[in-house]
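Q: coords please:
(chains A and B)
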Amino acid sequence: MKADGRALRGVVALALLGGFVLPIIAGFAQTARAAFGVLPAISAVDWSLDAWRALLDLPGFGTNLRLTLVTGVGSTVLALVLAAGFVALVYGRWAGLMGRALIPLLAAPHAALAIGLAFLLTPSGWIARMLSPGVTGWDRPPDLATVNDGWGVALIIGLLIKEVPFLLLIMGSALGQLPVRGQLAAGRALGYGRGMVWAKVILPQVYPLIRLPIFIVLAFSLSVVDLAIILGPSNPPTFSVAIVRWFSAPDIALILPASAAALMQVGVVAGAIGLWIVAEGVARRVGLWWLRRGGRGHSAGPGLWVAGGMVAVLFALGILALLSLLVWSFAWRWSFPQALPQSWSMRAWMTPGAGWGDAARATIVIGVATMLASLALAIAWLEGEDRARRGRAGWAQVMIYLPLLVPQIGFLYGLNVLFLQMGISGGMLAVIWAQMLFVFPYVMIALSDPWRALDRQHLRAAAALGASPWRRLVAVKLPMLVRPLMVAGAVGFAVSVAQYLPTLFMGAGRVATLTTEAVTLASGSDRRIVGVYAVLQAGLPFLAYGAALLVPALVYRNRRGLQGGAR
Amino acid sequence: MSLGLFDVSVGPKGRAPLFLPVSLQVAGGEVATLMGPSGIGKSTLLDAIGGHLVYGFAVSGRVELAGRDMLALPTEARRIGVLFQDAMLFPHLSVGDNLAFGLARGVRGAARRAAVEEALEQAGLAGFAGRDPATLSGGQRARAALMRALLAEPLALLLDEPFSRLDKELRAEIRAFVFDHLRARAIPALMVTHDASDAEAAGGVVVQL
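A: Numbering: from 1, shown residues only, chains lettered A, B, ... in the order given. Just a heads-up that it's a prediction; the model follows:
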């Protein structure tokens, strides 16, 4: 029995090591070689620092870096503050309603949301149309940079709309592990205001539980590409967008400085995380000093309402953005100051042959394959832990989440060079495999807690009834976990649909998904066509989440013990 | 058929055992009782006998059932049933499927249904096969759990405070129901309890840990 568990663990560990960790290291090695002058494919063979010198001389380099730091760190700090304030405000009040409102925003891929936001915020966008000419007096779109603004404000808004719901979700599950109601009552009985109890008692307990997701948000915000292409400053763009541009520039000599930049991007993320950890220490000291002064903070209420109001505005923007995709995809004639299209049409939807049919098919095939493979691997991993009867080692935790913490661009390009040498670049399999690097960790995040929360007594009962480990898995564990399994599958599918960079690089331009097409078309194409792509891109994950909620409810409609349990 | 414990002790690996070694013989149909203060390791001893020890704990000594060494076998091959504080009916299966879960593979088709129906009838649950376990009362659940354990034809049964969640009247009733079935089938049983009336009703040896 023990040996069986060991064999299973061994296979899973080997699969992760060989499939995930080694390729990432190999990709980095490839990138690093190129950063120091060696890339035989373009007949660069001499070790040198030229690539770095060239990078420093590239136009806009300093601005690129500043934009990335401001938008990445700024949006993470803001998202954390807003989410914390919002949770303090709504906890125990409108939690159910909020939970449902979060789903579309969580499910929508970044690119679709960004396109919708652009449709909403541009001078010729929906908001301007609703307010014109009545409020603004405009009868033609003004010449303002409300999207792609040089400060990155639109990009920060876009990041916030995706990250605040994610943090709220994570905080929600962390709060479930704490006796919040009792501590809230105890704190208020000691004379502390509601907001103060949250800040001084609850949040310090929540923070350690959500630390890893915060690092993931930070790393993501610093290295995001698709969102930054659509909403971010265009010239000069953020660092990561600039790197992608240099990599795909017609001038192949730019590949070397681009590799140096990709390596530097890793340093930027590592530095930011390091800085964040230093700031944690400072915040702990300051927080303790503040806590020991014993202020009751009855005046903290307005601060919470400001945070709550901002989150409500963000949610409204997000929902409107998704709605605007739908409206535009069915619009036909829609001249500027009209609040709604003058005539509607199905025409954009009638021509799948124009490209979105193939893209949708590729997206679904890749998404389902990636999701199933990741789910199988996750189940194998968790079952291995069960059979060894022990929890997860620290190194394993790091290995699973590593792909989410290092910038994709740091190793994907280098990896593709290796794939090219092996002749497997540009195929579906290469894309599926590359996406799994990022899908598997999210599936693990979604599945680990419910898996561990399963009452072990049920498994003991099954074993005492003579069920083998295999039967315990198939006949007891998996059926009892159908709901979290379906949710994890939906999360995996949604993450796969949203992948941009892995699809772009590993597909070598030959694999077109809804996401790659939508990002390409986003600037300057017909909004009706872009709308169709983005609606499909946002709709597929939404359908997956719907199925994840619906299927268990149908299968277990007569099983009260499994309703509403593990969500 | 009897359950024998020879100098059995349990504790965290590499550390002192939780209690002094226990030796005990339980004949078929007898119910022996383990008593002692909370945290002494009564339930851990049951876990060791049934094969449910968590990682990091080790058992020493010998456990024999029908002449075979149990500690060398995996849980599912020991044929030692367990009744917990909660009935632990599988929430995704109907009451009938729960009972059938422990039936041997060789019992097929109509014989399988008949065995389940008969067990349900003995438990006063005739016609409950299609029911959702979550809709059963506490007493009904306890009886269904016993029937599920018995259908697996265990060679011994472990009782881990199985009556402690029941109110006083129901407790006596369920207790008598369980003990009667054990005696009728000559199954040796080992019970952990905090309640002296349980030990008295069991009528077997009482071991103080």
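Q: Identify all contacting residues around whichever strand or helix holds A:Thr520.
A: For A:Thr520, the host element (DSSP states H and E) is helix A:514-522. Outside helix A:514-522, the residues that touch it by C-beta atoms under 8 Å, 6 or more residues apart in numbering or on different chains are A:109, A:111-112, A:114-115, A:118, A:226, A:229-230, A:355-356, A:359-360, A:363, A:497-500, A:503-504, A:507, A:529-530, A:533-534, A:536-537, A:540. Where you see a C-beta, it was placed from the backbone N, CA and C, and this is true even at glycine.
Q: How about chain A: which residue is closest to chain B?
A: Nearest residue of chain A to chain B: A:Gly561, at 3.1 Å (C-beta to the nearest C-beta).
Q: that's a helix at that residue, yeah?
A: Yes - assessed by DSSP: H, G, I helix; E, B strand; the rest coil, A:Gly561 belongs to a helix.
Q: And for the residue nearest to A:Leu78 when sequence neighbours are not counted, the neighbour number?
A: Excluding its sequence neighbours, the residue lying closest to A:Leu78 (C-beta to C-beta, 6 or more residues apart in numbering or on different chains) is A:Leu160, at 6.1 Å. Counted with other C-beta atoms under 10 Å in any protein chain shown, the neighbours of A:Leu160 add up to 25.
Q: if I pick A:Leu160, what's in contact with it?
A: A:75, A:78-79, A:82, A:314.
Q: ok so, going back, report the distance from the helix holding A:Thr520 to the chain centre.
A: Distance of helix A:514-522 from the chain centroid (C-alpha atoms, centre = their mean, to the nearest Å) equals 17 Å.
Q: if we can go back for a sec, before we move on, what SS does the residue nearest to A:Leu78 have?
A: Under three-state DSSP, the three-state class of A:Leu160 is helix.
Q: Could you measure from it over to A:Gly295?
A: Separation of A:Leu160 from A:Gly295 (C-beta to C-beta, to the nearest Å) stands at 29 Å.
Q: what's the answer for A:Val269, then?
A: 36 Å.
Q: Compare those two and say which one has the larger neighbour count.
A: More crowded of A:Val269 and A:Gly295, by other C-beta under 10 Å: A:Val269, with 23 against 14.
Q: so after the host helix or strand of that one, what's the next helix or strand?
A: According to DSSP H and E, A:Val269 maps onto helix A:255-293. Going down the chain from helix A:255-293, the next helix or strand is helix A:301-330, by DSSP H and E.
Q: what's the angle between that following helix and helix A:514-522?
A: Here the directions of helix A:301-330 and helix A:514-522 differ by 80 degrees (axes from the mean of the first three to the mean of the last three C-alpha atoms, to 10 degrees).
Q: Kindly provide the whole-number mean pLDDT of helix A:301-330.
A: When pLDDT is averaged along helix A:301-330, the result is 90.
Q: any chance of the contacts of A:Leu160 in JSON lines, plus distance to A:Arg6?
A: Below are the contacts of A:Leu160 laid out as JSON lines (distance: C-beta to C-beta, whole Å):
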{"residue": "A:Ser75", "distance to A:Arg6": "44"}
{"residue": "A:Leu78", "distance to A:Arg6": "46"}
{"residue": "A:Ala79", "distance to A:Arg6": "42"}
{"residue": "A:Leu82", "distance to A:Arg6": "46"}
{"residue": "A:Leu314", "distance to A:Arg6": "48"}
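Q: hang on, B:Phe177 packs against B:Arg143?
A: Yes - between B:Phe177 and B:Arg143 there is a contact under C-beta atoms under 8 Å: 6.2 Å.
Q: Who are the packing partners of the lengthiest strand in chain B?
A: Ranked by residue count and defined by DSSP state E, the top strand of chain B is strand B:2-12. Counting contacts by 3 or more C-beta pairs under 8 Å, 6 or more residues apart in numbering or on different chains; DSSP states H and E, strand B:2-12 is packed against strand B:22-27, helix B:42-50, strand B:57-65.
Q: And these: which comes nearest A:Tyr207?
A: strand B:57-65 (33.3 Å; C-beta to C-beta).
Q: So A:Gly524 lies in a helix, does it not?
A: No - A:Gly524: not assigned to a helix; according to three-state DSSP it is coil.
Q: Please report phi then psi for it.
A: Dihedral angles phi and psi of A:Gly524 (degrees, to the nearest 10) take the values phi 80, psi 0.
Q: can you tell me how far it sits from A:Pro237?
A: As defined by C-beta to C-beta, A:Gly524 lies at a distance of 16 Å from A:Pro237.
Q: in chain B, which spans are strands?
A: Secondary structure of chain B (DSSP E): strands at B:2-12, B:22-27, B:31-35, B:57-65, B:68-69, B:80-83, B:156-160, B:189-192, B:206-208.
Q: what's the neighbour count on the residue of chain B found nearest chain A?
A: Distances between chain B and chain A by C-beta to the nearest C-beta are smallest at B:Pro91, namely 3.1 Å. With neighbours defined by other C-beta under 10 Å, the count for B:Pro91 comes to 20.
Q: Against which helices or strands is the helix or strand bottoming out on mean pLDDT in chain B packed?
A: In chain B, no helix or strand scores lower on mean pLDDT, DSSP states H and E than helix B:75-78, which sits at a mean of 89. If you count contacts as 3+ C-beta pairs under 8 Å, 6+ apart, helix B:75-78 packs onto helix A:456-464.
Q: okay, the angle between the helix it packs on and strand B:156-160?
A: Using the same axes, to 10 degrees, helix A:456-464 lies at 170 degrees relative to strand B:156-160.
Q: Determine the set of other helices and strands touching helix A:456-464.
A: helix B:42-50, helix B:75-78, strand B:80-83.
Q: what about the closest residue to A:Ala13 other than its chain neighbours, how many neighbours?
A: Spatially, and ignoring its direct neighbours in sequence, A:Ala13 is nearest to A:Ala396 (7.8 Å; C-beta to C-beta, 6+ apart). A:Ala396 has 16 neighbours, counted by other C-beta under 10 Å.
Q: Can you classify A:Ala396 by secondary structure?
A: A:Ala396 is classified as helix under three-state DSSP.
Q: how near is A:Trp138 to B:Leu46?
A: 78 Å.
Q: typo on my end, A:Leu405
A: Distance, A:Leu405 to B:Leu46, using C-beta to C-beta: 44 Å.
Q: and what of A:Val225?
A: 57 Å.
Q: Would you mind listing what in chain B touches chain A?
A: Within chain B, the positions lying close to chain A (C-beta under 8 Å from any C-beta of the partner chain) are B:50-52, B:54-56, B:74-77, B:79-82, B:84, B:86, B:88, B:90-93, B:101-102, B:104, B:132-135, B:148-149, B:152, B:154, B:158.
Q: mind giving me the domain ranges of chain A?
A: Structural domains annotated on chain A: A:71-235+A:295-345, A:348-567, as defined by automatic domain parsing.
Q: do you know which of those domains lies nearest A:Leu275?
A: Between the domains of chain A, domain A:71-235+A:295-345 lies closest to A:Leu275; by C-beta to C-beta that is 8.2 Å.
Q: re the thing from before, of A:Leu405 and B:Leu46, give the one with the bigger neighbour count.
A: Each of A:Leu405 and B:Leu46 has its neighbours counted (other C-beta under 10 Å); B:Leu46 has more, 23 against 17.
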